[in-house]
Each structure stands twice: as structure tokens, then as C-alpha cells.
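[1] quick check, what structure comes out for this input:
(2 chains)
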Amino acid sequence: MASTVADAIKEHDHHGPAKGIKRWLFTTNHKDIGTLYLIFSLVMFFIGGAMALVVRTELMQPGLQFVHPEFFNSMTTMHALIMVFGAVMPAFVGLANWMIPMMIGAPDMALPRMNNWSFWILPVAFGILLSTLFMPGGAPAGGWTMYPPLILQTGDAFPYLIFSVHLMGLSSIMGAINIIVTILNMRAPKMTLLQMPIFVWMWLITAYLLIAVMPVLAGAVTMLLTDQFFGTSFFQAAGGGDPVMFQHIFWFFGHPEVYIMILPAFGVISEIIPTFSRKPLFGHDSMVYAGSSIAFLSFIVWAHHMFTVGMPLSGQLFFMFATMLIAVPTGVKVFNWVGTMWKGSMTFETPMLFSLAFVFLFTIGGFSGLMLAITAADIQYHDTYFVVAHFHYVLVPGSIFALMAGAYYWLPKWTGYMYNETAGKWHFWTSTIFVNLTFFPMHFVGLAGMPRRIPDYSTQFADFNMMSSIGAIGFGLSQLIFVYVLLTAKKGEKATDAVWDNPIGLEWTVPSPAPYHTFDTPPGDELIKSHSHSSH
Amino acid sequence: MTDTPKTENRKLLTRLLGMAVIMFGFGFALVPLYDVFCEITGFGGRTNTEAATAVEAPDLTREIRVEFVTTVNDYAPWDLKPDADSMIVHPGKLYFATFTAENLTDKEKIGQAVPSVAPIAAAEHFKKLECFCFENQEFAAKESRAMPLQFIVDPDIPEYVDTITLQYTFFDTMRVSSKD
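    Below is the predicted model of the structure:
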């Protein structure tokens, strides 16, 4: 084995993967790192999901049944931190690693060693975060938003929470820098910016958002740390600070963060719908402009998360209208997807089913977001299950469905074999039914005033909560079908290079499975033009 | 690969890292920016924390009710109450009010009151000329004493304001520093 590794290092340009664990520990190959990210995020998805099931089990009936309220709070907090930073974000970085170099005709990511670092920091960060479950005082229980002064009451876990957030931020920033440098410097010389696929475009925008806001989160949690241990008073009113200021700084990060989790999803959907509608993407360029507008607007709407903390009327009006404005570019995207399908000869393979469900269900989440944007109404909705229903609609049948769609869409390209379509369809239909059973009733209990983050509730909410809990358990079990699909991914028939019916995109011009190294020589003008949705 | 693309990658990497560092700084810069913004606009119910000097001509035609509310933060062993729950004032006229605070422990304690005014539009027009909230208050064991407030309501206060609520949250500053 040693000689293989040595040979691999010597033969820098055209080596295959190293063998054993070292392949994965020291890899600088974008496909290996992509795989690592995707597997890591799937593991985190199941850990975070298990925590959600603890929450739903406790909420199955009113009263306190299974867990201590403090542990319940830890579960909601950890579920959110793990799903946001451990599942959704790394999964999209995994897709970016795998697909962006192949989509822009680049041989690899621009900064391969940093790429290795950005991944391997993550298991350390989440090792630290998960270890807090076993610490005196328990895991963080003050909510993933970490509002002081409550979060300062966390036990021994507090500094570990802060450091793990620092590490997650570091990983995201390095990943984002790598993606920007790859897209701007490494794409095929003949490819213009507007010829790039929408997935690449959305990731370019997302990467800039990450660089702009992850450091702000790092700053905010650093202030929490120094308030707790070094006598500063950033958020301590007694020392002249203001706890509300944390909320402003947090949401200055937090609102762009929600677009960080959905823009790459828009990208995935924009690749899949044209393939199965057998038409180029409708309004390719407007997708780019819409994505950029969303990114810009995401910086000036943060205070809509905190209407209830008190704000002058002019502030309420500004943040309300700015928030509603985001519906315009988002609407452009939804109509473009519908326009792509219009009069297309559509087929309904698993990736397309997940994409269609995405368009429909994400839009429901978007509409409930518009309702929440209405300041006067938000006073009633704030911190109720209506909010929980809203962000789960945009994140589960939104981001997660887009990830699933992307996984099914590109899986044959990764493995070289067609996945089990019957199992895929089962996965889709069970997921879709159960995700709605879980989250739709939350709209009703939320409007009726059931508060979030509380382990007990009034008896009139019992039936809807029972439905949600059954849905959650069903949704959790449905994801095991996906694991089955992955385990049997190489048992199907061999995939062709194009995999689907004349799909557009450079990734379909390389063999299936994609060789360890692709596009050592950049694609030419003709190939790029025939594989771009853009008319440019 | 030739050297040129690598150098370009380095350059872009440095620039993007610089952006990240600047944004980290920006997070901290938001703290003073936020303070300046709130002090200028009175957003968030901020009132002056240093003595104001303005003396205005009293507007005897207008009456405003000023209510006093107190809270002790974090179950700290203090008692703080206004001697009168509310008073009727004329804008532009100087008024006095007193609060009584008591240290309920057998130890010396230092407290700090933090004021807040509602509605927000009234915050910048509620001017304190003298206030126990301007500095830390030292108390001997079991000491109880009256704490003075001298204020004036600016006649420029918007027409629709007929009630102002002044809220004090009393903090045990020894808890902040020692974290017991």
C-alpha cells in the first residue's frame, strides 16, 4: 500500500485514488471530498432527525411523558444546529464539490488542500457539539439562535457550543472561498459567466453570502463568550450593553443564512426540471438576476425576525415591505420553473418528482412567510407553531427535497449504475405524504396560539399534535428507503454517459461513473454552447 | 499547470479572506453603530444615561401621565419600588420622584438601574436631570434608602402621547462580575 501512495504522489497528474483510510483523510480530489461531505451530512441528517423524533414523541400527547423539559429544550436546540450547520449546508457543499468542476469544465477545485481542511474541520466541530450532550448542565438548550441572557445560563457546554460554531463558520468560509475561486478562475476558458449552469450561479451567489455573514456570526458568538468569561458587557444591560443587540447581529447573519440554505436548492431544481421537461430552462438569465436580487434583499430584512422586541413604526414598515419585496424575485423563479414545464414532454422519474414537490411545497412555505412578514399579524404568529410550520416547509420539502432530487439525479453519474427507481418512487411518495402530515397541521395549532419550544400544550391541540408526531415518525422511517437506495446503488443496470434523455450540462459529457479526473483539457466552444441553457 | 493560474488563485484567495476578516470586524463595529443609532433616534426606548440640562418653558395646558415600573433582574436579592406609582406632569416643568431600594442580604452590594421608556416616540423627550441610574449604587448590608429622580418632559413630545411609562430594571452588578 505504501508504494501505491508514494506512486500516487509521484504521478501527480494522472493517479487514481490512494487506498484505504488515507485516501479519505488526505484526499484533495473534489469528487472524494464531495462524497465525504454528502455522507457526513446524511449521518448528521439522521442524528438531527432522531432528535426531532424525541421532540415529536414528547409532543404526541399533552403533558410531560418521556423527557425532562430541559432535555426537550436541548433537543430542539441541537436538532436545529445539527440540521442547519451539519446536514443542509454540508450537503450542498458536497454537491458543489462533486458537480461544479464538472459543470464548468474544470479539472478540480482551485484550492484542493484547503478543500480537504474545510471538510475535516466539520467532524471535529460536530464531535465537540455532540459531546455537550454528556456534559454537566446538559447540551445547549437556549435555542439555536443563542439569545442572551438565556444562552449564558448554559452549563459546562457553553464554551464548547461557541467553539463548535466557530469551527463550522471556519469550514463554511473556506468552502465558500474555494467555490468562488474555482468558478471565477478555473472554469473552461471559453465559458462566459452567463453560460454557466444555474446551479453554479446560485452557488457563486451563496458563497459570497457565506463570506459576508459567517464572520458576523463568529463575531456575535465571540461577544457571548467574552461576556460570559472576560467581563465584557456587549449584551449585559447592567454593564451598559443591550441583549436586543445580539438579536440584531444574529439576524444580520441569520437572514442571509436562510438564503444560503435555499439558493443552491433553487440551482438544483433549475438543472432537473429542464431535463425531465425536455426543454431548455425558461428565462435562464432572469434566474441569475432573481438570485442576485434575493441575495441583496436578504441583507436588509433581518429585523422581521424580531418585530415583537419593539421597534418604531417606521422600522416595522421598512422591514415589512423589504421582506415582501423578496416575493418578487422568488416568484420569477417559480414562474420560470413552471414556464420550463409548459408544453414540455414531461416524465416523472424520482428526481423530477422531488423537484415538482419542491416547487409546490416550497411555495406554500413562501406564502406563509409572506403572512409572517405582515408586522401586525406577526405579533400574533411570533414564536408559535405557525413559524415552525413556515420554516420547515421551506427547509424540508424545500432544501431537503432539492438535495434528495439532486442525489437521485446525479447518483448514476457518481456510481455508474441506475438506482432502484421503484424504491426511489416509494421514498418520494412516503416522504411527501408524511412531510405534509407532519407540518401542515402545525399551521393550524400555530394560528390558534400554540407556542413553540415548549414540551407541553393545551389539550385542544392534542389531535393535530398526534397527527404531526405520526407524520414525523413516518417521515423518519421513509428516509431509510433512501439508505436502501444508496446501499443498492451499484446493483442496477449500467448507466449511459448521458444517463437521462439528452440532458443539458457538461457533466453528462463525461463517462459514467465519472472518472477520478475529468476535464484535464478544458471543453471547447462548441461543446460549451451545446450544453448551456443560456442563449448567449 | 503553469504558475499563472496558481498565482491568480492565491490573489483571489487573499482578497476573499480579506473580505471575511473585514466582515468579522463589521460584526463588532455593529455594536457602536447600533448604540449611536439608538441614541440619536431614541429607538428601543433609550433615554439619556447622563444628566440633561435642558430647562424649557412649562406648557401648563397639557397633562401627561408618567408611570413608574420597576423590575429586579434575575431574582437578585433586592427590593426596588417607586414611592408613587404615577404622577401627572406638565411638559417643560421640572419634577421630582423618589424610589426606595433595599438590599435584602447581609452583605454589601452594588446595584445598577437601567432605564427604558415606552412609548418609543417619548424616549428622546423624557429628560432626566438627576437620576440614581446614572451611576452604580452601593448599599451596606440590609440598607434601605430613597433614591432620587429629577426629570422634565420636553414640550416637543408628540401630541398623541398622553402616557409615558418609565421602567427601571435593577441589576446586581456584583453578579455580573463574579458570576456566582
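
[2] contact residues of the stretch 101-250 of chain A facing chain B?
    A:110-111, A:114, A:149, A:173, A:176-177, A:180-181, A:184-186, A:211-220, A:223, A:228, A:231, A:233-234, A:236-240, A:242, A:244-245, A:248-249 (CB under 8 Å from any CB of the partner chain). Where you see a C-beta, it was placed from the backbone N, CA and C, and this is true even at glycine.

[3] what is the burial count for the closest residue to chain B within chain A?
    Residue of chain A nearest chain B, by CB to the nearest CB: residue A:219 (2.7 Å). Neighbourhood size, residue A:219 [other CB atoms under 10 Å in any protein chain shown]: 23.

[4] need the contact list for it.
    By CB atoms under 8 Å, 6 or more residues apart in numbering or on different chains, the contact set of residue A:219 is A:249, B:24-28.

[5] ok, the closest residue in space to it that isn't next to it in sequence to residue A:140 distance?
    Leaving aside its sequence neighbours, residue A:219 sits nearest to residue B:27 (CB to CB, 6 or more residues apart in numbering or on different chains; 2.7 Å). Separation of residue B:27 from residue A:140 (CB to CB, to the nearest Å) stands at 20 Å.

[6] what's the end-to-end length of stretch A:275-286?
    19 Å (CA to CA, to the nearest Å).

[7] dig out what the residue nearest in space to the middle of chain B forms beta bridges with.
    In chain B, the residue lying closest to the centroid (CA atoms, centre = their mean) is residue B:115, at 4.4 Å. Note on residue B:115: beta-bridge partners by DSSP bridges are residue B:168.

[8] what sits against residue 172?
    No chain in the question, so chain A it is. A:85, A:89, A:93, A:118, A:210, A:214.

[9] other chain: chain B
    Each residue near residue B:172 by CB under 8 Å, 6+ apart is listed here: A:238, B:73-74, B:76-78, B:109-111.

[10] with residue A:412 instead?
    A:418-419, A:495, A:499, A:512.

[11] tell me which of the residues you listed is nearest to residue A:334?
    Within the contacts of residue A:412, the smallest distance to residue A:334 is 26.5 Å, found for residue A:499 (CB to CB).

[12] before we move on, what's the pLDDT of the residue nearest to that closest one when sequence neighbours are not counted?
    Nearest non-adjacent residue to residue A:499, counting by CB to CB, 6+ apart: residue A:412, 4.5 Å away. Looking at residue A:412, its pLDDT reads 97.

[13] which SSE is residue A:412 in?
    Per DSSP states H and E, residue A:412 falls inside helix A:401-415.

[14] so after that helix, what's the next helix or strand?
    helix A:421-447.

[15] helix A:401-415 and that following helix, what's the angle between them?
    With axes from the mean of the first three to the mean of the last three CA atoms, to 10 degrees defining the directions, helix A:421-447 sits at 160 degrees from helix A:401-415.

[16] so stretch A:254-270, near chain B or not?
    No. Residues of stretch A:254-270 are not located near chain B by CB under 8 Å from any CB, the shortest gap being 10.9 Å.

[17] need the longest helix for chain B.
    Longest helix in chain B by number of residues (criterion: DSSP state H): helix B:3-41.

[18] packing partners of that helix?
    Using 3 or more CB pairs under 8 Å, 6 or more residues apart in numbering or on different chains; DSSP states H and E, the elements in contact with helix B:3-41 are helix A:157-181, helix A:198-229, helix A:243-277.

[19] and stretch B:68-80, what's buried?
    Residues of stretch B:68-80 classed as buried: B:68, B:70, B:72-73, B:76, B:78, B:80 (neighbour count, 16 or more other CB atoms under 10 Å in any protein chain shown).

[20] contacts with chain A among those, please.
    With CB under 8 Å from any CB as the criterion, these include residue B:73 near chain A.

[21] of the buried residues of stretch B:68-80, which is the nearest to residue B:123?
    residue B:68 (15.3 Å).

[22] just give the nearest non-adjacent residue to residue A:81, would you?
    Using CB to CB, 6+ apart, the nearest residue to residue A:81 is residue A:144, at 4.9 Å.

[23] contacts only, for that neighbour.
    Going by CB under 8 Å, 6+ apart, residue A:144 touches A:77, A:80-81, A:84.

[24] sorry, back to before: as JSON lines, the contacts of residue A:172 with distance to residue B:61 would be great.
    Shown next, in JSON lines, are these (distance: CB to CB, whole Å):
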{"residue": "A:85", "distance to residue B:61": "60"}
{"residue": "A:89", "distance to residue B:61": "61"}
{"residue": "A:93", "distance to residue B:61": "67"}
{"residue": "A:118", "distance to residue B:61": "68"}
{"residue": "A:210", "distance to residue B:61": "59"}
{"residue": "A:214", "distance to residue B:61": "57"}
